[in-house]
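Novice: Structural data only, the sequence is not supplied:
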Ligand code: KIV
């Protein structure tokens, strides 16, 4: 008799309960099927199909060129590889800024076509109405404050945000506005850790930090950064848990050398 273990999907309620119990959770980005399978089996609670795909997979030097079609394509692959993690699709630049109706339709595509369970969008009070309307359509929204990479030109670069009283107050106010608009969680990117602690303590929804210190309810990293698969630049907040590029290079050098020497393919890898 075979026993089938039922895998229960992490939901927005699960991570809210985890915050209530003081249990931290882990989120990573994923952009393809095989990576999603491994990260899901390893037990990460949330997989974000980030628009960072533009930089770490597609080779652009910002997230701005990423399109809805790119995001749907990658989100489909991640959804196919995921049984347990909550899959969040990142709304790309210009998919939610032009009109609320277009934003709701685009958010819906992540769930209807791509198999995600939620979407993420960047910005503060200026996206409160869009957030409210997407949530009203039954689509959970993850908010994103601090360093919002789609606004890199307005921010003047990839810099720490929320330094100084006025800037910190504005981020705190935006966090409350987005919670009130119905966001189920909030990414805080590159903000001082004391500000992240204050925001985390004053919201009922979980915060997820990236360069925001240890006091957030969850943490997120870009998987290519933490595995050493993206070397163009490494922000201060990235901890490299592996050097996959180094390992790939070594494996490929061995392969080339064995092809040239005739050591590969040997009989074990041939049909006799
Ligand atoms: O696109 C992305 O990967 C993100 C995370 C860094 C939060 O937005």
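Specialist: Received the coordinates, thanks. What you are looking at is a predicted structure, and each value in this text was computed from that prediction instead of being measured.

Novice: what's the distance between residue 162 and the ligand?
Specialist: Residue 162 sits 16 Å away from the ligand, going by C-beta to the nearest ligand atom, to the nearest Å. C-beta coordinates here come from the backbone N, C-alpha and C atoms, glycine included.

Novice: Helix or strand: which one has that residue?
Specialist: In the assignment (DSSP states H and E), residue 162 maps to no helix and no strand.

Novice: Correct me if wrong: it contacts residue 192.
Specialist: Yes. Assessed by C-beta atoms under 8 Å, residue 162 is found in contact with residue 192 at 6.1 Å.

Novice: what sits in contact with each of those two?
Specialist: Jointly contacting residue 162 and residue 192 under the rule C-beta atoms under 8 Å, 6 or more residues apart in numbering are residue 168.

Novice: between those two, who's got more neighbours?
Specialist: Neighbours were counted for residue 162 and for residue 192 using other C-beta atoms under 10 Å; residue 162 has more, 25 against 20.

Novice: what residues are up against the more buried one?
Specialist: Counting by C-beta under 8 Å, 6+ apart, residue 162 makes contact with 146, 168, 170, 171, 191, 192, 195.

Novice: how much space between the nearest residue to residue 160 once chain neighbours are set aside and residue 220?
Specialist: Nearest residue to residue 160 in three dimensions, chain neighbours excluded: residue 190, at 4.9 Å (C-beta to C-beta, 6 or more residues apart in numbering). For residue 190, the distance to residue 220 (C-beta to C-beta, to the nearest Å) stands at 12 Å.

Novice: Next: residue 195.
Specialist: Using C-beta to C-beta, residue 195 is found at 17 Å from residue 220.
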